[in-house]
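**Q** prediction below, plus the sequence it came from.
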Amino acid sequence: MVKSVKNSSSRKIISKSTVVKTIDYRSAFIGSALTMSWQLAITVLVPIIGGHELDIHLKTNPVWTLIGVAVAFIGTLIIIFGVLHSEALSPKEVKKK
């Protein structure tokens, strides 16, 4: 394994293993962000739009819309805590031989 050293012009030479680890963290972050974004979009939009449509169909005050907002809020919390506790944001370190 090549370690980072400074050459004569005071530029830092980065090893290949450092670059690979950086790419792994970036790809894990981007994958997690994309997954969480579509999950949040569905979790927020479906209950709120569904509640609004129920209010229109049943000709009620915004009772079902408010229930949809509450369901969306709870679903959002579940998704955020699930992502924070998953290992998706912290890829496993490669074991040294």
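**A** Looks like it came in fine. Numbering: from 1, shown residues only.
**Q** packing partners for the helix or strand where residue 29 lies?
**A** Applying DSSP states H and E as the criterion places residue 29 in helix 16-58. Judged by 3 or more Cβ pairs under 8 Å, 6 or more residues apart in numbering; DSSP states H and E, the packing partners of helix 16-58 are helix 63-85. All C-beta spots, glycine's among them, are computed from the backbone N, C-alpha and C.
**Q** give the buried residues for the helix it packs on.
**A** Applying a neighbour-count criterion of 16 or more other Cβ atoms under 10 Å, the buried positions in helix 63-85 are 64, 65, 67, 68, 69, 71, 72, 75, 79, 83.
**Q** now do the contacts for the second one.
**A** Pointing back at residue 65 there. Listed by Cβ atoms under 8 Å, 6 or more residues apart in numbering, the contact set of residue 65 reads 48, 51, 52, 55.
**Q** what's the angle between the helix holding residue 29 and helix 63-85?
**A** 170 degrees (axes from the mean of the first three to the mean of the last three Cα atoms, to 10 degrees).
**Q** quick one on the thing from earlier: which single one of the buried residues of helix 63-85 is nearest to residue 31?
**A** Nearest to residue 31 among these: residue 83, at 11.0 Å, using Cβ to Cβ.
**Q** noted, bye for now.
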